[in-house]
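**Q** The following comprises the amino acid sequence and a computationally predicted model.
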Amino acid sequence: PPPLPDDSLYQALGGQPGINRVVEGLLYRIADDERIVHHFADTDILRLQEKLQEQLCVEAGGPCEYTGDSMSEVHAGFAITEADFNALVEDLIEAMTAEGISVRAQNRLLQRLAPMRGDIIYR
Ligand code: HEM
């Protein structure tokens, strides 16, 4: 999606510290999520954490650069289903709710991530 005109979403997420807490909460929830944890068996979790922190910052209109690989490159070969995708989004919503992020800000971020769906789900 095109860049946001301002950093209001970044601020609503609590800036980089808030985004980092959401990413940490997401990673803990994935680790506990029997529906999808198997996909991450061989993943360098510290790298994933760093790239997610950057990506969510960029998508929220924050002052960051994403240095990871493209969504299609990264997720190809994992045979990620629509149900897997929905499970991860559920975990993300839980992580944001636990950080006290408003439903409006949650929905703004999810709207930014939703278009990536086609690059992540295996067809
Ligand atoms: C909106 C949804 C998603 C976003 C924004 C996202 C974002 C990312 C990012 C930024 C990375 C790191 C890229 C890099 O290392 O250069 C990554 C890696 C990864 N993602 Fe996703 N992802 C999403 C959905 C999913 C889903 C649904 C699954 C599976 C259930 C998944 C499984 C993985 C795995 C296994 C890796 C690590 C790949 C590896 O170890 O080489 N992702 N993702």
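**A** It's in.
**Q** so whichever residue of the chain sits closest to the ligand, which of the three states?
**A** In the chain, the residue that lies nearest the ligand is G68 (2.9 Å; C-beta to the nearest ligand atom). C-beta: built from backbone N, CA, C; applies to glycine. Assigned with DSSP: H, G, I helix; E, B strand; the rest coil, G68 falls in the coil class.
**Q** who's in contact with it?
**A** Applying C-beta atoms under 8 Å, 6 or more residues apart in numbering to G68 gives the contacts 51, 54-55, 74.
**Q** Could you give the average pLDDT over the strand or helix carrying Q55?
**A** Per DSSP states H and E: Q55 is located in helix 45-59. Averaged across helix 45-59, pLDDT comes to 98.
**Q** In terms of secondary structure, what does it contact?
**A** If you count contacts as 3 or more C-beta pairs under 8 Å, 6 or more residues apart in numbering; DSSP states H and E, helix 45-59 packs onto helix 15-31, helix 103-113.
**Q** Now whatever helix or strand comes next after it: buried residues?
**A** The C-terminal neighbour of helix 45-59 among helices and strands, as given by DSSP H and E, is helix 71-75. For helix 71-75, the neighbour count (16 or more other C-beta atoms under 10 Å) marks 71, 75 as buried.
**Q** Could you name the helices and strands sitting against the following helix or strand past helix 71-75?
**A** On the C-terminal side of helix 71-75, the closest following helix or strand by DSSP H and E is helix 82-98. Contacting helix 82-98 under the criterion 3+ C-beta pairs under 8 Å, 6+ apart are the following elements: helix 15-31, helix 103-113.
**Q** could I get those helices as JSON lines with mean neighbour count, mean pLDDT and distance to the ligand?
**A** Compiled in JSON lines, the helices and strands packed on helix 82-98 are given as follows (neighbours: other C-beta atoms under 10 Å; pLDDT from 0 to 100; distance: least, C-beta to the nearest ligand atom, whole Å):
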{"stretch": "helix 15-31", "mean neighbour count": "18", "mean pLDDT": "98", "distance to the ligand": "8"}
{"stretch": "helix 103-113", "mean neighbour count": "16", "mean pLDDT": "98", "distance to the ligand": "4"}
